[in-house]
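1. sequence unknown, structure follows:
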């Protein structure tokens, strides 16, 4: 039986502009189409886990602006439980994203309400996995992981954006998901099992490589989040870390074939096709 996945993390409105290339410092470029998507690493990962069939509960915070209403609605539409979502005065989180002609991107995030999320009062009944990132206060992540450990819940940390972390926090992590830059800034990764993401070169899971899937890249935004969400969905269903990472690797590839930071309703079919059924 699949246990519940709790995702603690950010939820943002992504303001995306297409550009022929990424601007140089001090340079102004005329871009192409502009569009607003629902995003935030936490919410993206929650949606990815739900798209892969997991029972997902999102713990995050939105502001009192129109973005907040839209962001909650987007989670509901994806099948994510929003009963633990919180609200704060002021603005919701916003990410400013530029995507070039090759699908590469730059992102600047204004955290807004994400800075006010809390982990107190969470219910852990039936929860198998808690997944967090670093776009919300680190002390809140620590609080959630301490509670999770006390209830026998597996802890997964996507240590992004890159920052050095206190060893006492890393000691609470069962699975650490990082890219090469994020790993390089950690003085120590702690005792966790490590999933190292390599972009177009696939993954390495506790030293075992998983090759990337060859797809036509449209937009790399959210590929890492899709990987994380799919991975924890598989773990919650009883898969080994290696098998869960295979699913995450395929989900990340599928995410590169669509615009925006989230997997859509057809993603599970496409992921299964990449994995051979």
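-> Arrived safely. Everything numeric here is computed off the predicted structure, so don't read it as measured data.

2. got the confidence number for the closest residue to residue 79 other than its chain neighbours?
-> In space, and not counting its chain neighbours, residue 79 is closest to residue 50: 4.5 Å by Cβ to Cβ, 6 or more residues apart in numbering. For every residue, glycine as well, the C-beta is placed using N, CA and C. As predicted, residue 50 sits at a pLDDT of 97.

3. can you get me a residue count around residue 50?
-> As a burial measure, residue 50 scores 24 neighbours (other Cβ atoms under 10 Å).

4. residues in contact with residue 134?
-> 141, 158-161, 163 (Cβ atoms under 8 Å, 6 or more residues apart in numbering).

5. just the ones in helices from those residues, please.
-> residue 141 (DSSP state H).

6. pairing partners for the worst-scoring helix or strand of the chain on mean pLDDT, with directions?
-> Least confident helix or strand of the chain, by mean pLDDT, DSSP states H and E, is strand 105-110 with a mean of 86. Strand 105-110 pairs in its sheet with strand 93-99 (antiparallel), by DSSP bridges.

7. show me which residues of the least confident helix or strand of the chain are buried.
-> 105, 107, 109 (16 or more other Cβ atoms under 10 Å).

8. what's the closest of those to residue 151?
-> Distance to residue 151, by Cβ to Cβ, is smallest for residue 109 among those, at 30.5 Å.

9. tell me the predicted confidence for the residue nearest to that closest one when sequence neighbours are not counted.
-> Once flanking residues are discounted, residue 109 sits nearest to residue 95: 4.7 Å by Cβ to Cβ, 6+ apart. Residue 95 is assigned a predicted lDDT (pLDDT) of 86.

10. I figured residue 42 hits residue 141, correct?
-> No. When contacts are counted by Cβ atoms under 8 Å, residue 42 is not listed as touching residue 141 (10.5 Å).

11. pull up the overlap in contacts between those two.
-> Common neighbours of residue 42 and residue 141 (Cβ under 8 Å, 6+ apart) are 8, 132.
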